[in-house]
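# Structural data only, the sequence is not supplied:
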């Protein structure tokens, strides 16, 4: 069981089972949503339990995706591909130990010009 929360604690959540290797998304939308890159682990919807869900605000960033954040403190928490059976859970909102390691960088062609990616992990444009 993995536990997480927003900054103010209005939203808490649990993920049952292990966390798949997370991806670091460098697209403009993720950078604007999170303030930098958005790192999330994609877990089965059935494995996620959200407490304080009435404090989660969902922003529909495209026809296929919505992004969940705490309406009280603004913490970025979820990346939800609406028509899939999984949801991305923000690694920064999880308590340690997570038992997983970053697996890949995605949308690197859109990354910010203020940083480099030099960890040797796979990168997808």
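Received the coordinates, thanks. Note that the structure is a prediction, hence the values are computed from the model and not measured. Residues are numbered from 1 along each chain as shown.
# what are the ranges of the strands in the protein?
2-5, 12-15, 23-25, 38-44, 48-51, 56-60, 65-70, 76-81, 86-90, 104-106 (DSSP state E).
# of all those, which lies closest to residue 124?
Each of the strands of the chain has some distance to residue 124 by C-beta to C-beta; the shortest is strand 104-106, at 4.8 Å. Bear in mind the C-beta positions are built from the backbone N, C-alpha and C, glycine included.
# Could you pull out the buried residues of the closest one?
Of the residues in strand 104-106, 105, 106 count as buried by neighbour count, 16 or more other C-beta atoms under 10 Å.
# Likewise for stretch 36-49?
37, 38, 39, 40, 41, 42, 43, 47, 48.
# Name the residues linked to the most centrally placed residue in the chain by a beta bridge.
Central residue of the chain (C-alpha atoms, centre = their mean): residue 90, 2.9 Å from the mean position. With DSSP bridges as the criterion, the beta-bridge partners of residue 90 are residue 40.
# List the contacts of it.
4, 34, 38, 39, 40, 75, 76, 77, 78, 79 (C-beta atoms under 8 Å, 6 or more residues apart in numbering).
# Tell me the confidence at it?
Residue 90 carries a pLDDT score of 98 in this model.
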